[in-house]
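# Curious how this folds, go ahead:
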Amino acid sequence: MADVIHDDVVEQILIRLDVNDLIRFKTVCKSWHSLITSPGFINRHLNHSYNKDHYNNQLAHRKITLFERSGFGHRLVGSSNGLVCIFSNSIHLRVTNPLTREVRQLESPRLIGVLQLCWGFGYDSSRDDYKVVIGTKKGENQTCFEVLSLKSNVWRVIGEVKYTFITKAGILCNGALHWIVKDQNNKKLIISYDLSKDEFKEIPLPVNAICRRLGVIKNCLCIFGYYSVDNVWLMKKYNVKESWELLPRERDREMKNDIVHLLRPRLPKDDDASWFCRPIEHLYWEYMDAPIFVQSLVSPHIKNRGSW
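Prediction:
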């Protein structure tokens, strides 16, 4: 009985530590290594990291973006649960956990050389899987969408849509990726792709809103312009048009700063390279459309267990 209580206390201590500390503590003993690498502990640590950031009075969000001098030839597809997806030279696709420094090379898209109009990365909660989404040009105002799951590492076509894409990187919110588009009548709107249902939906915009970028504030989808003086609209209740709310001009005094992690893309062999530059603080609007990042032990080497 004493051993059970002791193990529980050890877990409650370890689960509060940063990833870098946990990586070191895996070498303390076999029981700690077994605990820290167990799926249950990894999930509980991930939840603790989310809650720790959520209730941090000094922090708006952790965001991640490419270090500008290493961004040439690299594209940040997205981030979810501590995993980051990077596309290099429109050919090499990989997912990494920059804290554990695990890297996984994924199957390249089938339509190499075709103009890529949009992309995104996120977690499919219904299958406990992660998906990479790429939209490629097929015809005039016509985009073909393909999806790759980390479990299968196989691309499949999920459908076509007829929009002109204004934003390229899909914003992850409420289990779906979002882009600003124009329809065939030149009307602006948001389209979403639900990662669990494989469904596209249209989300109407507020009337006369300046809408050039998408982001996330307080876990809600938001729209804004290029400059800090532009209005910011927040969708208080997801996919409900009447819930769009204009944030007051005084928001800069009310909102917290983001912690922005600058990522240096590396090749898989660069195990000793530093993935992160020093995190920096920025006003929330400057990196509002950057993916949210959370510290985690989640591995990119997720495998298909034959469940679907």
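# Helices along the stretch 151-300 of the chain, start to end?
In the stretch 151-300 of the chain, the helices defined using DSSP state H, counting those that start in this stretch lie at 251-254.
# I'd like to know how many residues surround Val216.
Per other CB atoms under 10 Å, the neighbour tally for Val216 reads 22. The way it works is simple: take the backbone N, C-alpha and C, and place the C-beta from them, glycine included.
# ok, now Gln12?
11.
# what about it, which SS state?
Here Gln12 is helix, with the state taken from DSSP: H, G, I helix; E, B strand; the rest coil.
# Same question for Thr96.
In three-state terms, and counting by three-state DSSP, Thr96 is strand.
# which residues does it bridge with?
Beta-bridge partners recorded for Thr96 (DSSP bridges): Val84, Val103.
# ok, it - contacts?
Leu83, Val84, Ile86, Glu102, Val103, Arg104, Trp275, Pro300 (CB atoms under 8 Å, 6 or more residues apart in numbering).
# Going through those residues, which ones are buried?
Leu83, Val84, Ile86, Glu102, Val103, Arg104, Trp275, Pro300 (16 or more other CB atoms under 10 Å).
# ok, so of these, who is nearest Glu146?
Proximity of the buried ones among the contacts of Thr96 to Glu146 (CB to CB) peaks at Ile86, which lies at 17.5 Å.
# ok, the closest one touching His74?
Yes. Counting by CB atoms under 8 Å, His74 is a contact partner of Ile86 at 5.9 Å.
# where does the nearest residue to Arg75 once chain neighbours are set aside land on pLDDT?
Leaving aside its chain neighbours, Arg75 sits nearest to Phe87 (4.3 Å; criterion: CB to CB, 6 or more residues apart in numbering). Per-residue pLDDT puts Phe87 at 88.
# Let me know the helix or strand that Phe87 is in.
If you go by DSSP states H and E, Phe87 is part of strand 83-88.
# Distance from that strand to the middle of the chain?
10 Å (CA atoms, centre = their mean, to the nearest Å).
# Glu199: what's it in contact with?
When contacts are taken as CB under 8 Å, 6+ apart, Glu199 is in contact with Tyr193.
# what pairs with it across the strands?
On the basis of DSSP bridges, Glu199 is bridged to Asp194.
# Show me what counts as buried in the host helix or strand of Tyr123.
Tyr123 is part of strand 116-124 when elements are defined by DSSP H and E. Across strand 116-124, burial judged by 16+ other CB under 10 Å covers Gln116, Leu117, Cys118, Trp119, Gly120, Phe121, Gly122, Tyr123, Asp124.
# related to what we said a few turns ago, distance to Leu205 added to the contacts of Thr96, as a markdown table?
Shown next, in a markdown table, are the contacts of Thr96 (distance: CB to CB, whole Å):
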| residue | distance to Leu205 |
| --- | --- |
| Leu83 | 30 |
| Val84 | 29 |
| Ile86 | 30 |
| Glu102 | 39 |
| Val103 | 38 |
| Arg104 | 37 |
| Trp275 | 37 |
| Pro300 | 35 |
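# which two in these are spaced the farthest apart?
Farthest apart among the contacts of Thr96 - using CB to CB - are Arg104 and Trp275, which lie 14.3 Å from each other.
# Can you tell me how far the nearest residue to Val77 once chain neighbours are set aside is from Leu221?
Of all residues not flanking Val77 in the chain, Cys85 sits nearest, at 3.9 Å (CB to CB, 6+ apart). Using CB to CB, to the nearest Å, Cys85 is found at 20 Å from Leu221.
# Which one's more surrounded, the two?
Cys85 (28 against 24).
# Spit out the contact partners of the more buried one.
Leu76, Val77, Gly78, Ser79, Leu93, Arg94, Val95, Phe121, Val132.
# if you set the cut-off to 10 Å instead, what comes out?
Going by CB atoms under 10 Å, 6 or more residues apart in numbering, Cys85 touches 75-79, 93-96, 104, 106, 119-122, 130-133, 148, 150, 291, 300.
# repeat for Ser125
Gly175, Leu195, Ser196.
# Can I have the buried ones of those residues as a PyMOL selection?
In PyMOL syntax, the buried subset of those is picked out as below (16+ other CB under 10 Å):
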select buried, resi 175+195
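# State the phi and psi torsions of Asn39.
Actually, residue 39 is Pro rather than Asn. With angles defined as degrees, to the nearest 10, Pro39 sits at phi -60, psi -40.
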